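J.: predicted coordinates and the sequence they were generated for:
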Amino acid sequence: MSGKRDNKSDSVGNGEHLVDKTFSRRNFLEKAALAAAGFIIVPRRVLGGTGYTAPSDQIRIGFIGTGRQTWGGLSRWFLERDDTKVVAASDVDKLKLDFFTGRINDYYAEATGNTGYKDCKGYRDFREITQHPDIDAVVIATPDHWHGIQAIMALESGKDVYCEKPLSLTVAEGRAMVNVTRKNDRVLQTGSMQRSQSGFLRAAELVHNGYIGDIEKVVVSVGGPPDTCDELQTQFVPEYLDWNMWLGPVKHTYYNEYYAPHIDWDGWARWRYCDRFGGGDMTDWGTHMFDIAQWALGMDDAGPVEVNPPDGNEYPVLTYKYANGIPMIRDDFGMGNSVRFVGMEGTIDVSRSELIVPDNLENHELGSNDDRLYQSEHHYLDWVEAIKDRSKPICDVEVGHRTATVASIGNIAYKLGRPLKWDPEAECFENDDEANRMLSRPFRGEWRGFLEPYL
């Protein structure tokens, strides 16, 4: 076996104080680059910058959610492009919103020489973004429980969408997002950016074309399901935070900074580990890794047919089975957040920092008769180009939905503690009403009944 390394990552670094007051155009990009630990700086010529672009030809982008993922990673990919412009943002946290819009306006002020530049507007209610007639596309980087509603409202308003992974919190929300995308002929890119990294493409193509023989099993090494978080202590809601709007469609929950930390917090918010807001590592990292497994197995429009939770006997770990007999298990094989493909003729391991292939495949070139998978050299540029071409991006809404479904039904199996039969075509469990009720969730208040028209 031999190893190859690919150090790209979409995670952000630790420890940078968010409210650093110093600013320059270069400073902003350098800090964002440090925050996006492992991200490479891509030259303008690669990103497609060609000089002056008329405002009428620019894609005007609004951001929904201005936390670490937005300021530290996502926004910078659109700032130096000539054909995109960040014009608005919304957040229920006023400090984060003001920080982000201030940074964007300062960036454009220096870039244009206009010291009074204030064109990037901030809104507390995301509907100001989704319904704004002068915004062409939105980037959604809010907690998972908001993705479905926000994406659907943007799509219904004629906007194209980039939505962070997991695409949705429930299977029903994901299917509704697919339906609305197709109905409105919109472009939706899911933030499963590993598909646009060379190591994962290489692994998927080798597996897909049979270079390690028939697949005996796939092992996905990620963390587990979420907790209830019911034991958290009630805290006073900070004055800068609209907590009721942060909760949105979710049942009332008392505030704790664990869910929505202060802007100075130097880690990732922990709402993702609470089952009413996220799906734990099963959806947070799982949708990255299950995505690569589905891609390599040719299951982008399907999924497994069985989900078996650990039972101490036949299934020591969570085990999915596909109709072709291939099992996919969640297990730790010594490489965190990664995928292992075990074939009759070899094994391939892949993560963001490792690609380990059999010696005979290290320098092997794919043949002219081999199937080639969708190649994207840059996930965000791929979305922009798909908007221009009115085409499907590399991680189209259906792909994102199917991947999120794998993680979601796994969490349901964990919760119920019994084997489940899954119909990937009908998107329901066979003969299990209790499990099927968990494919959606009730919405509260003004959001009650929101999803029904789209299913």
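T.: Great, that's in hand.

J.: any weak-confidence spans in the stretch 1-150 of the chain?
T.: 1-56 (pLDDT under 70).

J.: let's see 80
T.: Residue ranges of the stretch 1-150 of the chain with pLDDT under 80: 1-56, 72.

J.: hey, where'd the helices end up in it?
T.: For the stretch 1-150 of the chain, applying DSSP state H, counting those that start in this stretch gives helices covering 25-35, 44-47, 68-69, 76-79, 94-112, 127-130, 147-156.

J.: tell me what the fourth one is packed against?
T.: Other elements packing on helix 76-79 under the criterion 3 or more C-beta pairs under 8 Å, 6 or more residues apart in numbering; DSSP states H and E are helix 25-35, strand 84-90, helix 379-389. In this view, the C-beta of every residue, glycine as well, is placed from N, C-alpha and C.

J.: what about that helix, distance to the chain center?
T.: 17 Å (C-alpha atoms, centre = their mean, to the nearest Å).

J.: what of the third one?
T.: From the chain centre to the centre of helix 68-69 is a distance of 12 Å (C-alpha atoms, centre = their mean).

J.: just checking, what packs against it?
T.: Based on contacts counted as 3+ C-beta pairs under 8 Å, 6+ apart, there is no element that helix 68-69 packs against.

J.: what residue is smack in the middle of this protein?
T.: Nearest residue to the geometric centre of the chain (C-alpha atoms, centre = their mean): Lys165, 1.7 Å.

J.: that one contacts Arg195, correct?
T.: No - Lys165 is beyond contact range of Arg195, at 10.7 Å (criterion: C-beta atoms under 8 Å).

J.: who touches both of these two?
T.: Common neighbours of Lys165 and Arg195, using C-beta atoms under 8 Å, 6 or more residues apart in numbering, are Asp291.

J.: I'd say Phe126 and Ala88 touch.
T.: No - between Phe126 and Ala88 there is no contact under C-beta under 8 Å: 10.2 Å.

J.: how about the helices in the stretch 201-350 of the chain?
T.: For the stretch 201-350 of the chain, the helices defined by DSSP H, counting those that start in this stretch cover 243-247, 280-284, 286-297.

J.: mean pLDDT, distance to Ile140 and mean neighbour count added to those helices, as JSON lines?
T.: Shown next, in JSON lines, are those (pLDDT from 0 to 100; distance: least, C-beta to C-beta, whole Å; neighbours: other C-beta atoms under 10 Å):
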{"stretch": "helix 243-247", "mean pLDDT": "98", "distance to Ile140": "15", "mean neighbour count": "18"}
{"stretch": "helix 280-284", "mean pLDDT": "98", "distance to Ile140": "15", "mean neighbour count": "23"}
{"stretch": "helix 286-297", "mean pLDDT": "98", "distance to Ile140": "15", "mean neighbour count": "27"}
